[in-house]
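Trainee: please work out how this folds:
(2 chains)
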Amino acid sequence: MALDNTVIQTILTEKFGEQVAAFEENFGLLVFEVNAAVSHELVAFLRDDATLRFNFLTDVCGAHFPDNDAARQFAVIYHMHNWLDNKRVRIKVFLDGAQPSVASIADLFESANWQERETYDFYGINFENHPDLKRILNMDEMVSFPMRKEFPMEDQGRTDKDDRYFGRAGKAISN
Amino acid sequence: MAKYLKQKEMSAPISTKIEKRYADLIRQKENEDGSELSILNLGPSHPATHGIFQNVLLMDGEKIVDAEQTLGYIHRAFEKIAENRPFYQITPLTDRLNYCSSPINNMGWWITIEKFLGIEVPKRVQYMRVIIMELARIVDHLICNSVLGVDSGALTGFLYVFQYREKVYEIYEEICGARLTTNMGRIGGWERDWSPGTWAKINAFMEEFPKAWEEFNQLLTRNTIFMHRCINCGPISAERAISYGFTGPNLRAAGVDYDVRKMNPYSSYEDFEFDVPVGKTGDTYDRYMVRNEEVIQSLRIIRQALDKMPEGPYHADVPDYYLPPKHEVYNNMEALIYHFKIVMGEIPVPKGEIYNAVEGGNGELGFYLISDGSRVPFRLHFRRPCFIYYQGYTEMIKGGLLSDAILTMSSMNVIAGELDA
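Mentor: Purely as a prediction, here's the structure:
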């Protein structure tokens, strides 16, 4: 029997109750949020459970949402893949804007090691119990976390790419 | 002068922190049996590493005790740049990830964005994409395998097959005008139909290349010296490979038949018959053999695509995203408006997010896009297979010889552009 999204959702809600939320489907892929407190446990459960069998950690990355509430300004996004039933899930962990911190899953998947370092390097998200959390792509002397939205790439004085000139009340591109 | 020397001595090289970590190991070993470990800097710019990355090795004579990698020498912040570019301007960034097979990256991005926008692409376009992606895969594997030969001292095979990379680059040139960083295709299809010259070049390549590849095989595959150098060199078990996030030929060499083309077919891969070769031990020889066989399978796919090539348009009918032809723009108001809207980045893009993966030269190349409805991605993350599986390198070379480490790296096909993004 192929593993269905609803089955995954039922098993996870049974096990984690209120800690998992906001289930939705995105191009056939199950997406949900998990509380940072149980994220490590959840990833381990997804990997080890006899029905779920998400044996492969595809990807770990971060994102910054400066317009969200203070408690949800950062996100760490995991993609996991079950090769036996060919099912993917996307797990989002929203983190505090001032002190973003989440448990490292490098002990569960070796591949998380550098990806978490990259996320730290770009967003300054702390991964607890990471074996060697330091910058990976940028130089060690750097003090900022460049992928955060407060670091614009382009000249702030530039107005020719402003959304308002195109009949849309969007943000300016450089914000 | 003396002052200068002193200063130079004091300034810390990048690898100092790693060396500090090694110092304890060195002291410990010296106390144990009096032998002396040494530190060796491999790279960042060394002819045997095929790119700019550094390995700081802790050596016991010729044997590697420990290794640590330093990355980021060609980091170009593509994910940040992508947050400031309209969707159709992101392909040039993808070119520069795995620059040995840029068309796969280009097509991967178009397929992702088309899936996101819900654009149905004509069969003919999908088949053409398959052809160009498989040509790119052939080139990728061809470079990796022939250079592996060079690294083990067999230059001849490399010289025989490397001209075929040029032939494929000429095909790229016919299609898009560029050779290495191709930036080919558009949202919905191709910028123009392939010329008769392109088809002629593809046919000529399909005629000549299999013979050359056969010759290359006869030269290298059963060569005793080559086999002795490669067998049991840098092995990794399937279990460890999965934990390290291996995908692509390197994973298949360890015996796992995971291939995105089979698992989640895209661009009509389900229409073609091909096998997924797997190895057994995950050593350098298996990686070589898997790539070797994949080239042959790619040829098989191209042959089928050429035979079954359907008639039809070379792009989808999506005026919102696909630039109208120039004569229309000059003579037709509506086309002019569309042209203006597309060029100025005023194209409607829905809110939402998507993860989509294609089988790149090195494994699962994924694009994770978050769109907030503005004309640029809110967040775009590239899942670069190289970056993820290169972590396994330390484990693979530990306890081996330095010369084996060089071969292992070569056979893993670590591409600096994809590593550092």
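Trainee: now do the strands in the chain.
Mentor: Went with chain A since none was named. A:20-26, A:29-34, A:56-64, A:74-82, A:87-95, A:101-103, A:126-128 (DSSP state E).
Trainee: that's the other chain; I wanted chain B
Mentor: Using DSSP E, strands in chain B cover B:38-42, B:54-60, B:63-70, B:351-360, B:363-372, B:379-383.
Trainee: quick one: mean pLDDT over the third one.
Mentor: To tie it back to what came earlier, the one meant is strand B:63-70. The average of the pLDDT scores along strand B:63-70 is 90.
Trainee: okay, now the residue in chain B positioned nearest to chain A: neighbour count?
Mentor: Nearest residue of chain B to chain A: residue B:245, at 2.8 Å (Cβ to the nearest Cβ). Backbone N, C-alpha and C define where each C-beta goes, glycine included. Residue B:245 sits with 29 neighbouring residues when counted by other Cβ atoms under 10 Å in any protein chain shown.
Trainee: next, give phi and psi for it.
Mentor: Main-chain torsions, residue B:245, degrees, to the nearest 10: phi 80, psi 30.
Trainee: just the pLDDT for it.
Mentor: On the pLDDT scale, residue B:245 is placed at 93.
Trainee: again, but for residue B:159
Mentor: For residue B:159, pLDDT reads 88.
Trainee: for it, give me its contacts.
Mentor: Shown in contact with residue B:159 (Cβ atoms under 8 Å, 6 or more residues apart in numbering or on different chains): no residues.
Trainee: how much space between residue B:198 and residue B:301?
Mentor: Residue B:198 sits 18 Å away from residue B:301 when distances are taken as Cβ to Cβ, to the nearest Å.
Trainee: contact residues of the stretch 201-350 of chain B facing chain A?
Mentor: For the stretch 201-350 of chain B, the residues found near chain A under the criterion Cβ under 8 Å from any Cβ of the partner chain are B:240, B:242-245, B:256, B:258, B:263-264, B:344-346.
Trainee: most centrally placed residue in chain A?
Mentor: What sits nearest the mean C-alpha location of chain A, by Cα atoms, centre = their mean, is residue A:77, with 1.7 Å.
Trainee: re the thing from before, quick check: closest non-adjacent residue to the residue of chain B closest to chain A.
Mentor: residue A:111 (2.8 Å; Cβ to Cβ, 6 or more residues apart in numbering or on different chains).
Trainee: quick one: residues contacting the one you found.
Mentor: With Cβ under 8 Å, 6+ apart, residue A:111 has these contacts: A:57, B:243-245, B:388-389, B:391.
Trainee: may I have the phi/psi pair for the nearest residue to residue B:281 once chain neighbours are set aside?
Mentor: Leaving aside its chain neighbours, residue B:281 sits nearest to residue B:235 (5.1 Å; criterion: Cβ to Cβ, 6+ apart). Backbone geometry at residue B:235, expressed as degrees, to the nearest 10, gives phi -80, psi 160.
Trainee: and residue B:235, how far from residue B:411?
Mentor: As judged by Cβ to Cβ, residue B:235 and residue B:411 stand 11 Å apart.
Trainee: for residue A:36, same thing?
Mentor: Distance of residue A:36 to residue B:411, computed by Cβ to Cβ: 40 Å.
Trainee: quick one, grab the pLDDT at the residue nearest to residue B:281.
Mentor: Per-residue pLDDT puts residue B:235 at 92.
Trainee: all helices for chain A, in order.
Mentor: A:5-16, A:39-48, A:112-123 (DSSP state H).
Trainee: quick one: residues contacting the residue nearest to residue B:256 when sequence neighbours are not counted.
Mentor: Spatial nearest neighbour of residue B:256, chain neighbours left out: residue B:238 (5.1 Å); criterion: Cβ to Cβ, 6+ apart. Applying Cβ under 8 Å, 6+ apart to residue B:238 gives the contacts B:251, B:254-256, B:282.
Trainee: which residues of the stretch 51-200 of chain B lie near chain A?
Mentor: Counting by Cβ under 8 Å from any Cβ, the stretch 51-200 of chain B sits next to chain A at B:71-72, B:75, B:77, B:79-81, B:83-84, B:115.
Trainee: quick one: the helices in the stretch 51-200 of chain B?
Mentor: All helices of the stretch 51-200 of chain B, identified by DSSP state H, counting those that start in this stretch, fall at B:78-82, B:91-95, B:102-117, B:123-151, B:155-176, B:196-220.
Trainee: quick one: closest of those helices to residue B:21.
Mentor: helix B:123-151 (28.6 Å; Cβ to Cβ).
Trainee: same list, the helices of the stretch 51-200 of chain B, but as CSV with distance to residue B:339 please.
Mentor: Formatted as CSV, the helices of the stretch 51-200 of chain B follow (distance: least, Cβ to Cβ, whole Å):
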stretch, distance to residue B:339
helix B:78-82, 24
helix B:91-95, 19
helix B:102-117, 19
helix B:123-151, 21
helix B:155-176, 20
helix B:196-220, 26
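Trainee: phi and psi next, for the residue in chain A that chain B sits nearest to.
Mentor: As assessed by Cβ to the nearest Cβ, chain B sits closest to residue A:111 within chain A, at 2.8 Å. For residue A:111, the backbone dihedrals (degrees, to the nearest 10) come out as phi -70, psi -20.
Trainee: which one of residue B:235 and residue B:411 is surrounded by more residues?
Mentor: A count of neighbours by other Cβ under 10 Å puts residue B:411 above the other of residue B:235 and residue B:411, at 29 against 22.
Trainee: touching, that one and residue B:288? I think so.
Mentor: Yes: applying Cβ atoms under 8 Å, one finds residue B:411 in contact with residue B:288, separated by 6.1 Å.
Trainee: just for chain B, where's the confidence low?
Mentor: B:1-16 (pLDDT under 70).
Trainee: how is it divided into domains?
Mentor: Per automatic domain parsing, the structural domains of chain B span B:2-70, B:78-420.
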